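>>> turn this into a model:
(2 chains)
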Amino acid sequence: MKIRLELFGASRDFGETDFLELNLKEKSSIKDLREEIINYVNEKFNGNENFKKIVEASAFCSEDNNIVSDNYKITKEQKIGIIPPIGGG
Amino acid sequence: MLHVKVIDLKKEKIEISNAEEFISSSKFGASLFFTGTVRDANENKKVTGITYDSHDTLVIKSFEDIYKEAVEKLKIKDKAVFIEHVKGYVELGKISIIIAVACQHRAQTYILSRYIIEEIKKRSPIWKKEHYKNEESKWLKGNPIQSS
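Next up is the predicted model:
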C-alpha cells in the first residue's frame, strides 16, 4: 500500500517536494515505516548517517493528526507526517 | 479567552498590535507581552536569519492543549491568552513568536507566560533552519517529541 510521507523540518532535505511516496506491505506499523525510510536513505543518499539519525529520532503523525507510537498499525493508504526533533520559539 | 494562530509570512505579518487588541479588557489588572526574536549569533556562528517550518494543525492543537492544561494546573480563572508563531523566513531582530497574557494580577501573568513558552519549546512541532554569513544553512538539532 502507498503511504504519502509528509516532510517537515530537517526531513525536508530527504526530497525535492514536501512529501515522499513509499510502498509498505499490508498491516505494516510505524516501526516498519521507519525502516522503509531508512532503506530509502540508504539507497538515495548513500546511507547518510545524519539523515538516518533524524529518522531514528523522529515521531510520526497519523492522518487524523495524532502523534503515534511505533506499534501503531497503518491499516489503509494514508498520509503520515514525519516529525523530526522540534525546537521553535 | 484564547487566540492561537500560525502566521504564514508569505501571506501576512505578525503584529503585536493584534495581541494588544485581543487581550485588552478592564477585567484585567496586568498584561504581559513576550516576543521571541531572531538573534544574530548562535554557537559561535554569525546568524543572518532563520526559516521556520511548522506542522500547522499539530501546532494549533498543542497551543490549545497547553492553554487547557495551564487552566487546570495553574488555576488562574480569568485570563486572556494570545499565541502566534510564524512560519517562513525571519530576518534578524524580527518577531518569531508572540505570547500575550492578561490576568487579574501581575504574578499570574509571569507564571502563565513562562509556562506557555516552556511547553511550546517542548511540545509544538516547529523547526528552525538557521542561515549563516559564510556557511551553509542548517536545521537546528531540536528535541524529540514524545508520542502519547
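
>>> in the helix or strand that residue B:65 is a member of, what's buried?
Assessed by DSSP states H and E, residue B:65 sits inside helix B:56-74. Burial within helix B:56-74, assessed by neighbour count using 16 or more other Cβ atoms under 10 Å in any protein chain shown, is assigned to B:58-63, B:66-67, B:70. (Glycine included, C-beta is placed from N, CA and C.)

>>> from these, which shows the smallest pLDDT?
Confidence by pLDDT is poorest for residue B:70 among the buried residues of helix B:56-74, given 91.

>>> please name the residues that touch it.
Neighbouring residues of residue B:70 by Cβ atoms under 8 Å, 6 or more residues apart in numbering or on different chains: B:76, B:81, B:112, B:115-116.

>>> closest one of these to chain A?
Nearest to chain A among these: residue B:116, at 10.4 Å, using Cβ to the nearest Cβ.

>>> name the nearest residue to that closest one, sequence neighbours excluded.
residue B:99 (5.2 Å; Cβ to Cβ, 6 or more residues apart in numbering or on different chains).

>>> stretch A:15-29 near chain B at all?
No - in terms of Cβ under 8 Å from any Cβ of the partner chain, no part of stretch A:15-29 sits within range of chain B; the closest distance is 10.2 Å.

>>> picking that back up, whichever helix or strand comes after the helix holding residue B:65 packs against which elements?
Next in sequence after helix B:56-74, counting helices and strands by DSSP H and E, comes strand B:79-91. For strand B:79-91, the elements it packs on are strand B:2-8, helix B:16-23, strand B:45-54, helix B:56-74, strand B:95-103, helix B:106-123, judged by 3 or more Cβ pairs under 8 Å, 6 or more residues apart in numbering or on different chains; DSSP states H and E.

>>> which stretches of chain A form strands?
Here chain A has its strands, by DSSP state E, at A:2-6, A:19-23, A:28-29, A:59-61, A:67-68, A:73-74, A:78-83.

>>> surely residue B:41 meets residue B:47?
Yes - using Cβ atoms under 8 Å, residue B:41 is in contact with residue B:47, at 5.9 Å.

>>> these two: which is more packed in?
Ranked by neighbour count (other Cβ atoms under 10 Å in any protein chain shown), residue B:41 and residue B:47 place residue B:47 first, with 17 against 10.

>>> quick one: contacts for the more buried one?
B:38-41, B:92, B:130-132.

>>> beta partners for it?
With DSSP bridges as the criterion, residue B:47 is bridged to residue B:132.

>>> same check on residue A:86?
Under the criterion used (DSSP bridges), residue A:86 bridges to residue B:143.

>>> what do you get for residue B:127?
With DSSP bridges as the rule, residue B:127 is bridged to residue B:53.

>>> what's the neighbour count on it?
Neighbours of residue B:127 using other Cβ under 10 Å come to 25.
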